[in-house]
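Student: the following block contains a protein sequence and its predicted model.
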Amino acid sequence: MDEIALALSAQQGDLNAFNRLVLEYQDLAFNVAYRMLGDSDAAADASQNAFISAYRHLSTYRGGSFKSWVMRIVTNTCYDELRRQKRRPTTPLEPLNDENQDENDSPEWMKDGQPSPESMLESNELENAIQSCLQKMKEDFRLVVILVDIQGMDYQEVSDDTGMPLGTIKSRLARARGKLRDCLQYFRELLPANYRLDDEGNL
């Protein structure tokens, strides 16, 4: 798919070209929105609103990666929704451990994928545990771990999608991974053995 050609055609009023782009990226948009917002209905609304906004603002697309352009709209839409949620009464979150963690390769078990039939139940429970821990993070940390470790994007893609400098992405990701690992110890029986901490806090 030549996304740049489709995007330029969409700018000229080709609705079919824009719909092809929506079909290409709607799953990614929904998945990121769901991880950010923690609610499927809110994620569906956010991703739909993001694509509506993208269509209305096609004139601002200046070439390059359409995926990055539209994902920035998706993440901004999620931030707008999170700000709206903060204006409603909420239950305070417990403080998280702020210790910096060394950066490692993305854990394969966190990435989206189809679990084997034998591990379906455990995978669903782990999925819920991961989502619960993600919701306890600050939004900026949550976003980088979603994009890198769950969606499998590289740092440059995340920088293009969010506008964050590479150094900021790396530092936030290291801290986010540490926070996620610490939080998931409450669900340690669901984790692969090599990700469980022992009683002294070591892997």
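Tutor: Thanks, I have the structure now. All values reported here derive from a predicted model rather than from experimental measurement.
Student: which ones are touching residue 26?
Tutor: The neighbours of residue 26, taking Cβ atoms under 8 Å, 6 or more residues apart in numbering as the test, are 47, 51. The C-beta positions use only the backbone N, C-alpha and C, and glycine is treated the same way.
Student: secondary structure element holding it?
Tutor: Residue 26 is part of helix 15-37, with elements assigned from DSSP states H and E.
Student: list the contacts of the residue nearest to residue 37 when sequence neighbours are not counted.
Tutor: If the residues on either side of it in the chain are set aside, residue 37 comes closest to residue 43, at 5.3 Å by Cβ to Cβ, 6 or more residues apart in numbering. Applying Cβ under 8 Å, 6+ apart, we find residue 43 in contact with 30, 33, 34, 36, 37.
Student: residue 143: which of these is nearest?
Tutor: Closest to residue 143 out of those is residue 36 (6.5 Å), distances taken as Cβ to Cβ.
Student: tell me how far residue 156 lies from residue 147.
Tutor: With distances taken as Cβ to Cβ, to the nearest Å, residue 156 is found 11 Å from residue 147.
Student: more neighbours: those two, which one.
Tutor: Neighbour count, other Cβ atoms under 10 Å: between residue 156 and residue 147, residue 147 has more, with 27 against 11.
Student: please compute how far stretch 16-25 lies from its chain's middle.
Tutor: Centroid separation for stretch 16-25 versus its chain: 21 Å, with Cα atoms, centre = their mean, to the nearest Å.
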